[in-house]
Each structure stands twice: as C-alpha cells, then as structure tokens.
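Student: only geometry, no sequence info:
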C-alpha cells in the first residue's frame with residue numbers, strides 16, 4: 001500500500017496528480033506497481049494481539065465519515081424510482097501515531113451528528 005491506500009486507488013490518485021500538474025504521462029497499472037513494490041523489499045509492520053500499547057503521551061488522530069445504511073427495501077425504491085428517506089450513520093475513529101485504534105464510535109440512527 002502507498003499512502004495507506006490499496007494499489008488500485010493509488011494508481012488513480014497518481015494519475016489525477018499527473019493530470020493536475022499538466023503532465024501527459026500515466027502511472028503504471030496496479031499489477032506493475034505490485035511487482036515493483038515486491039522487488040523493493042519494504043517491511044510493513046504487522047500488529048498482533050500480544051503487541052502491547054504503551055500508555056505514554058502520544059499523538060492521536062480523530063476522524064469521522066458518513067456511512068450509508070441500506071435497508072431491506074432499498075433495492076425496490078431504487079428500481080421503481082420511489083423517493084425515500086436515506087439512512088446515514090456517522091462513524092468516528094481515534095487512531096494513535098503507531099496506528100493502534102484507540103476508540104471507535106458509531107452514532108445511533110436517531111442522533112443528529
């Protein structure tokens with residue numbers, strides 16, 4: 001992964017950067033990227049349950065995103081062009097600088113944010 005993204009998304013990201021910069025070049029496809037990254041022998045950290053979190057002061061990142069909740073009749077509404085109230089939920093995550101998830105929260109359906 002590059003920039004914490006899968007290679008297909010990285011390919012699109014790099015192509016859009018090239019486009020913004022006005023360059024007429026293309027990023028290699030994801031399979032070529034995968035082969036080249038494998039040849040670099042980059043070590044990615046792997047975390048296991050026995051890895052201990054230290055309780056010292058650490059930098060954390062807090063982020064949230066909206067999640068679309070699909071109901072059981074969603075396909076029917078889409079098929080017949082029936083407008084209905086869409087159901088969204090907000091997902092919040094707190095991640096440490098060592099990529100440990102410190103906290104997660106999924107807002108209830110009835111919550112405003």
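Tutor: Yep, it's here. Everything numeric here is computed off the predicted structure, so don't read it as measured data. Numbers count the residues shown, from 1 in each chain.

Student: Could I get the full set of strands for this structure?
Tutor: In the chain, the strands defined using DSSP state E lie at 60-69, 87-96, 101-106.

Student: what ranges of the protein fall below the confidence cut-off?
Tutor: Along the chain, the parts satisfying pLDDT under 70 run over 1-4, 44-57, 70-72, 84-86, 109-113.

Student: Nearest to residue 40 among the strands of the chain would be which one?
Tutor: Ranking the strands of the chain by proximity to residue 40 (Cβ to Cβ) places strand 87-96 first, at 25.6 Å. For glycine as for every other residue, the C-beta is placed from the backbone atoms N, C-alpha and C.

Student: which other helices and strands contact the closest one?
Tutor: strand 60-69, strand 101-106 (3 or more Cβ pairs under 8 Å, 6 or more residues apart in numbering; DSSP states H and E).

Student: I'd like those as TSV, with mean neighbour count and distance to residue 76 appended.
Tutor: Listed next are the helices and strands packed on strand 87-96 as TSV, based on neighbours: other Cβ atoms under 10 Å; distance: least, Cβ to Cβ, whole Å:
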stretch	mean neighbour count	distance to residue 76
strand 60-69	10	16
strand 101-106	11	26
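
Student: That's all I had, so thanks and see you.
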